[in-house]
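**Q** Here is the input, now give the coordinates:
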Amino acid sequence: MSRVVADPYVQRDQPAGVPPLMLTGERTLPDVPAENYWFMRHLAVYEWIAARVSGLRVLDLACGEGYGAAALARTAASVTGVDANPEAHEHARLRYSAPGLRFERAMLEHYGHPGMCDVVTLLQTIEHLHNPEEALAHLRTLVAPGGVVYISTPNLLTIAAPGAVKSDNPWHLREYRAHEFRALCEAVFASVEIHGVYHAGRLRAHDRALALGWDRLHRRLGVTKPFYERFTASITARDFELTMQRPLYRALDFLAVCR
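**A** Just a heads-up that it's a prediction; the model follows:
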């Protein structure tokens, strides 16, 4: 293993020869302790999809650091992770290897050919795009007949301040309410199911503690920093759930299953 990186915004403990990436807010990363909540929140969606792509050909567009493509490769017949960022692409190529897993550097709008795969994933990316409907129309062409496109995005109502039109994330061009996201997807796909991402496990317990006044108590006791350093590091993908059974306006993120 390489030396531990002191910068709290740089990935720690990367394998020898793999350059660590810096957390900029554009994409989430593993191995950055303070980022673990967001990383696990995104990984939970990849793992949910991985359970549904066994034996299929998967294209993971805007794959970033590569952790999601690697998760999909545990079940899929093949996975191609595509990202335009040179540092992210090089990191993914060097860090992750598995049968049928490969990485390519390209702009998602110009990548691929009709019917090249069974599944396309575009997670936490549509909010970054200038022409989201054009991008979705391109994704639709990439899947073979009967294929599925998975698209995720944050919920405007839970990521932004009340009444704001967007969060303060400078990389996001537009964030969506549930009905807006559904309308975007239905403009391109014949069938769209929207699942919500919610807290589960210890995060749901933490939400209940907050409702009972935990915020006031940890500040009074002076344990805020040590508690949350340990608590954040302990979060796993199992502390999130995807479901269609809870109100979408309360969801953290949306996942559209499009056919």
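
**Q** low-scoring stretches of the stretch 101-250 of the chain, by residue?
**A** Low-confidence segments of the stretch 101-250 of the chain, defined by pLDDT under 70: none present.

**Q** Strands along that one, start to end?
**A** Counting by DSSP state E, counting those that start in this stretch, the stretch 101-250 of the chain has strands at residues 101-105, 117-123, 143-154, 192-199, 240-243.

**Q** Quick one: list the elements packing against the second one.
**A** By that I understand strand 117-123. Secondary structure elements in contact with strand 117-123, counted by 3 or more CB pairs under 8 Å, 6 or more residues apart in numbering; DSSP states H and E, are helix 36-50, strand 57-61, helix 67-72, helix 132-142, strand 143-154. Any C-beta I mention is one placed from the backbone N, CA and C, and that applies to glycine too.

**Q** strands paired with it, and their directions?
**A** Sheet neighbours of strand 117-123, with direction, are listed as strand 57-61 (parallel), strand 143-154 (parallel) (DSSP bridges).

**Q** That strand to helix 36-50, inter-axis angle?
**A** Inter-element angle recorded for strand 117-123 and helix 36-50: 160 degrees (by axes from the mean of the first three to the mean of the last three CA atoms, to 10 degrees).

**Q** Out of the helices and strands packed on strand 117-123, which is closest to residue 15?
**A** With CB to CB as the criterion, residue 15 lies closest to helix 67-72 of the helices and strands packed on strand 117-123, at 12.8 Å.

**Q** all helices in the stretch 151-259 of the chain, in order from the N-terminus.
**A** Counting by DSSP state H, counting those that start in this stretch, the stretch 151-259 of the chain forms helices over residues 156-159, 178-186, 201-211, 214-221, 224-234, given from the N-terminal end onward.

**Q** Residue 75: which of those helices is closest?
**A** Among the helices of the stretch 151-259 of the chain, if distance is taken as CB to CB, the winner is helix 201-211, at 22.6 Å.

**Q** how close does residue 177 sit to residue 194?
**A** In this view, residue 177 and residue 194 are 11 Å apart by CB to CB, to the nearest Å.

**Q** Give me the more crowded residue out of these two.
**A** Using other CB atoms under 10 Å, the more surrounded residue of residue 177 and residue 194 is residue 194, with 19 against 14.

**Q** any chance of the strands of the stretch 101-250 of the chain in a markdown table, with distance to residue 46 too?
**A** Compiled in a markdown table, the strands of the stretch 101-250 of the chain are given as follows (distance: least, CB to CB, whole Å):
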| stretch | distance to residue 46 |
| --- | --- |
| strand 101-105 | 13 |
| strand 117-123 | 7 |
| strand 143-154 | 9 |
| strand 192-199 | 12 |
| strand 240-243 | 11 |
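
**Q** any idea which of these is most buried?
**A** Each of the strands of the stretch 101-250 of the chain was assessed for mean neighbour count using mean count of other CB atoms under 10 Å. The highest is strand 117-123, with a mean of 24.
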